[in-house]
Structures are given as C-alpha cells and as structure tokens.
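A.B. asks: A structural model of the following input is requested.
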Amino acid sequence: MSYSWLSHLECGRCGVRHDAGVRQNLCVECGSPLLARYDLAAVRASVRPEEIAGRAPDLWRYHELLPVADPAAAVSLGEGMTPLLPLPRYGGSIGLPGLLVKDEGLVPSGSFKARGAAVGVSRAAELGVGRLAMPTNGNAGAAWALYGARAGLAAVIVMPVDAPEITRREVAAAGGDLRLVDGLIGDAGRIVADLVASGDGVFDASTLKEPYRVEGKKTMGIEIVEQLGWEQPDVILYPTGGGVGLIGIHKALGELRELGWISGPPPRLVAVQAEGCAPVVRAFERGERETRHWDGASTAAFGINVPKPLGDFLVLDALAETSGTAVAVSDGELLAELRRVAELEGVFVCPEGAAAFAAARRLRERGWIGADERVVVLNTGAGIKYPGTVEVDAPVLAPGGRVG
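C.D. replies: The predicted structure is shown next:
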C-alpha cells in the first residue's frame, strides 16, 4: 500500500500535466504555479476517515493526500492538529456565538508556515535538493530554515530588513544563510531569482514557485473538518498575503468532497487584507481575475504585506467558487481587535489573525455572516512574535513598594 497517492503535477492556469517525480518550479508552458494531483480513487480504497483518528496527531496523518512517497523522508517537528477553539465571549460580543479560531500560533516556529515547510522541505529533500533559497516576510523563512536544518538542507533566506526581528533570529539559530534587503518581499524575490539563475544548483522555494508548500498548508482545511466531525463550517476567514493557505484550504475541501468524506456546499471563503496592501480586495471588487501591483504597500500586519501575489488568480477563483468575499481592514481596526480577543479570551493572536477577526466583525455588522452560522477564523501565528503590537503602561515600583 502506498504512503502517498501523488499522481502528477498540473498547471493551475492552463492545466498542462508535469512529472511529479522530478524537481519542478512553474509551468513550462505558461509560467503559472503547479498543483499536486492525487489518485483519489486509490485514496478512497485505501483509507477511511475513521481510521485517521488513530494516527499520530500531526499533519502526516493525512499522508495519502500528501506528496512524500517514503515515510522515512517525512520531516517533522510535531506540526499540525492545532486546536479549534470556541470563543464564546468574544464571539458573543460581535454577534457570532458560534465563532471558532484555528490557532496556528501553537505549531513549531510559532506560525502556520511550519506546515508548508514540513511538506515542502521533505519533498525537496526526497527529490535530491541540497540547497534552497526563498524570499520571505519573516515567518516562512524562519520555518524553512528550521525544517531545513532538521532535514540537513542548506537554506538561503532573504527578507526585508523591517521583518519581525524574531524571525531573523530563528533563521540565524538554525544556521540559515540570512540576507536582508532594504525593501519589500518583491525586492527579496529578485535577489533569490538572481541567486537561482547563477547556476550554483540552488532550488527556488519561493511561494508557489515550488508545488508542495501548498500541500502542507492544505492540511489546515482537512483538520478543520476532521475536528468538526467531518463537517464543514459555514465561513472561513483567512488573512491573505500570498494566499497559499486559502488556496490550500480550497484545494483540500475539493479533494475531500471528491473522496466522499464531506458533502454539501463549501464554506464561504473570505480573503482578509490590510487597507495598506489590498491587491486581492481591489481585484475582487472590480471583478478581475488577477491583481495589479499595489504601490506603497505598508501595514502592521507584515505577513500579509504582499503587493502582487503570484497565485492571485487561484485565490480569486477560490472566492468565486465558494461565493466568498474579500475584505480590507485598517491597521487601527486590527490592532484594536488583537487586544479585544486577548482580553476576552486569553488568546494572543498575531496582527494578521487580528485582521481576520476585524473582518468577521465587519461582515457580521453588514449581515453577510448570519448570527447562527459556524465561522472559523485562521490565526496564522503567535502574537508573542510581534511584541511591538501591544503597548505597555505599567507602574515601576521600588523593591518592597506597595500599590496604592
């Protein structure tokens, strides 16, 4: 019995088939991202949902729907099966008593990027990659450096100098080759492209320029429905920069539906962005299938500060196919929501996750989300990685001093 039922890679735009047994980046015909495809009939015959419950509580429990062929090649730091927590006080305060948070701040490296790194690094190593390079807004680079160290791969990580400081320290601790650029993630991407083109055998692991990061991210979608008893929520809100997680969740739910493991209409997907960088929202509102570059991008939610996502058409397709929507919130809104969630529920979310909570509030006020609907917000990282988002005003006492 196969560990993985990976069949081939398929271009997400033109549909051209590619060999999954060799290293691949973008489609050789149109330069678009590739998506992994599986023999779902074989998966259906080999495993049932109830069997998965007895497996280890990490993302590799879904190995039939992941691309790594050899179980010995599956690199893990214990990622996956993050809690799906009810938020009754906060949810009640915004008119959503059924609100849930999928808290990805509890995975290794402190962000959901660990999922993509676990699968992407494992598959890269299995295909013989020895050195990889990637641009990052911080968390992805930290995760890939850590998982690269676990797998014995060298990693060149290029990030903006304004990225969260903890992420560069994570890269350094893992022995990654860290390079900082005085610019945005697009500038980091150009440095990586030059490095890959230099002919030194460096594999380009940029977002959606390799096909397996999305496979790790899709496990968030599988976990959500498993944790709900193989039922789907009504709405999923996702903070969207490159949009890989939203693409992955949509892909996962489609695969599960084809397997017959879930039924009914899909959750309405919501792409959440910051007003200072909202190319997906602008394209959605204009009815366009691709984004335009967002000039002067800037937001406190640094992880979603992506002026022109490569997989924009896949994100917009996912919204259209699920009757979803796209929402942009201000930095003031998301920072206020970050405090409210922590004060009411004790959950310290990252600014990107806070943006999704602000969007949930707004969509409930507009009536787009009903009071009786089951809503899942993705918190994509630990708030503690962004200490500057919370101001502290506390008295300093002398030793033995008393508070009056």
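A.B. asks: was I right about Tyr212 contacting Gly120?
C.D. replies: Yes - using C-beta atoms under 8 Å, Tyr212 is in contact with Gly120, at 4.7 Å. C-beta: built from backbone N, CA, C; applies to glycine.
A.B. asks: just give the nearest non-adjacent residue to the residue nearest the centre of the chain, would you?
C.D. replies: Centre of the chain computed as the mean C-alpha position; nearest residue by C-alpha atoms, centre = their mean is Gly245, 3.6 Å away. Closest residue to Gly245 apart from its sequence neighbours, by C-beta to C-beta, 6 or more residues apart in numbering: Lys217 at 4.5 Å.
A.B. asks: wait, isn't that neighbour in contact with Ile249?
C.D. replies: Yes - using C-beta under 8 Å, Lys217 makes contact with Ile249 at a distance of 7.5 Å.
A.B. asks: list the contacts for Asn25?
C.D. replies: Listed by C-beta atoms under 8 Å, 6 or more residues apart in numbering, the contact set of Asn25 reads Leu34, Asp204, Lys209, Glu210.
A.B. asks: go with 7 Å
C.D. replies: If you count contacts by C-beta atoms under 7 Å, 6 or more residues apart in numbering, Asn25 has them with Asp204, Lys209, Glu210.
A.B. asks: among the residues you listed, which are located in strands?
C.D. replies: Secondary structure from DSSP state E places Asp204 of these in strands.
A.B. asks: give me the buried entries from the contacts of Asn25.
C.D. replies: Using 16 or more other C-beta atoms under 10 Å as the burial test, these include Asp204, Lys209, Glu210 as buried.
A.B. asks: tell me which of those is nearest to Trp60?
C.D. replies: Nearest to Trp60, judged by C-beta to C-beta, of the buried ones among the contacts of Asn25 is Glu210 at 18.9 Å.
A.B. asks: which parts of the stretch 1-150 of the chain are strands?
C.D. replies: 6-11, 17-18, 34-38, 84-86, 99-103, 131-135 (DSSP state E, counting those that start in this stretch).
A.B. asks: nearest to Ala114, out of those?
C.D. replies: Using C-beta to C-beta, these put strand 99-103 closest to Ala114, at 13.0 Å.
A.B. asks: what's the domain layout of the chain?
C.D. replies: 6-75+112-204, 84-106+218-389 (automatic domain parsing).
A.B. asks: which stretch among those domains is buried most, on average?
C.D. replies: Comparing the domains of the chain by mean neighbour count (mean count of other C-beta atoms under 10 Å), domain 84-106+218-389 ranks first with a mean of 21.
A.B. asks: gap between the two ends of that domain?
C.D. replies: Distance across domain 84-106+218-389, first residue to last, is 24 Å (C-alpha to C-alpha, to the nearest Å).
A.B. asks: chain center to it: distance?
C.D. replies: Between the centre of domain 84-106+218-389 and the centre of its chain there are 10 Å (C-alpha atoms, centre = their mean, to the nearest Å).
A.B. asks: pLDDT of that domain, averaged?
C.D. replies: Domain 84-106+218-389 carries an average pLDDT of 98.
A.B. asks: surely Gly276 meets Thr299?
C.D. replies: Yes - counting by C-beta atoms under 7 Å, Gly276 does reach Thr299; the two are 4.0 Å apart.
A.B. asks: so what sits against both of those two?
C.D. replies: By C-beta under 7 Å, 6+ apart, the residues touching both Gly276 and Thr299 are Asp331.
A.B. asks: how about the helices in the stretch 251-400 of the chain?
C.D. replies: 279-286, 312-321, 331-345, 351-366 (DSSP state H, counting those that start in this stretch).
A.B. asks: the ones you listed: which one's closest to Val171?
C.D. replies: It's helix 351-366; of those, that one is closest to Val171 (C-beta to C-beta) at 19.3 Å.
A.B. asks: off-centre distance for stretch 201-218?
C.D. replies: Distance, centroid of stretch 201-218 to centroid of chain: 12 Å (C-alpha atoms, centre = their mean).
A.B. asks: endpoints of it, how far apart?
C.D. replies: One end of stretch 201-218 sits 29 Å from the other (C-alpha to C-alpha).
A.B. asks: ok, now stretch 193-213?
C.D. replies: Termini of stretch 193-213 sit 18 Å apart (C-alpha to C-alpha).
A.B. asks: how about stretch 198-209?
C.D. replies: 17 Å.
A.B. asks: neighbouring contacts of it?
C.D. replies: In contact with stretch 198-209 (C-beta under 7 Å, 6+ apart) are residues 23, 25-26, 33, 120, 124, 129, 131-135, 144, 156, 189, 192, 195-196, 210, 213-214, 242, 244, 310-311.
A.B. asks: for the nearest residue to Gly183 once chain neighbours are set aside, what are its contacts?
C.D. replies: What sits nearest to Gly183 in space, not counting adjacent residues and going by C-beta to C-beta, 6+ apart, is Pro160, at 6.1 Å. By C-beta under 7 Å, 6+ apart, the contact list for Pro160 reads Asn137, Val181, Gly183, Leu184, Ile185, Ala188.
A.B. asks: follow-up on the earlier one: can I get the contacts of Asn25 in JSON lines including distance to His18 and pLDDT?
C.D. replies: Listed next are the contacts of Asn25 as JSON lines, based on distance: C-beta to C-beta, whole Å; pLDDT from 0 to 100:
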{"residue": "Asp204", "distance to His18": "15", "pLDDT": "97"}
{"residue": "Lys209", "distance to His18": "13", "pLDDT": "97"}
{"residue": "Glu210", "distance to His18": "12", "pLDDT": "97"}
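A.B. asks: out of the domains of the chain, nearest to Ala398?
C.D. replies: For the domains of the chain, the distance to Ala398 is smallest for domain 84-106+218-389, at 25.6 Å, taking C-beta to C-beta.
A.B. asks: neighbours of the residue nearest to Gly245, how many?
C.D. replies: 29 (other C-beta atoms under 10 Å).
A.B. asks: that one reaches Ala118, doesn't it?
C.D. replies: No - at 10.2 Å, Lys217 does not count as touching Ala118 under the criterion of C-beta under 7 Å.
A.B. asks: how close does the closest residue to Gly303 other than its chain neighbours sit to Gly12?
C.D. replies: Nearest residue to Gly303, sequence neighbours excluded (C-beta to C-beta, 6+ apart): Glu352, at 4.6 Å. Remark: distance between Glu352 and Gly12 (C-beta to C-beta, to the nearest Å) = 24 Å.
A.B. asks: could you do Arg115 as well?
C.D. replies: 19 Å.
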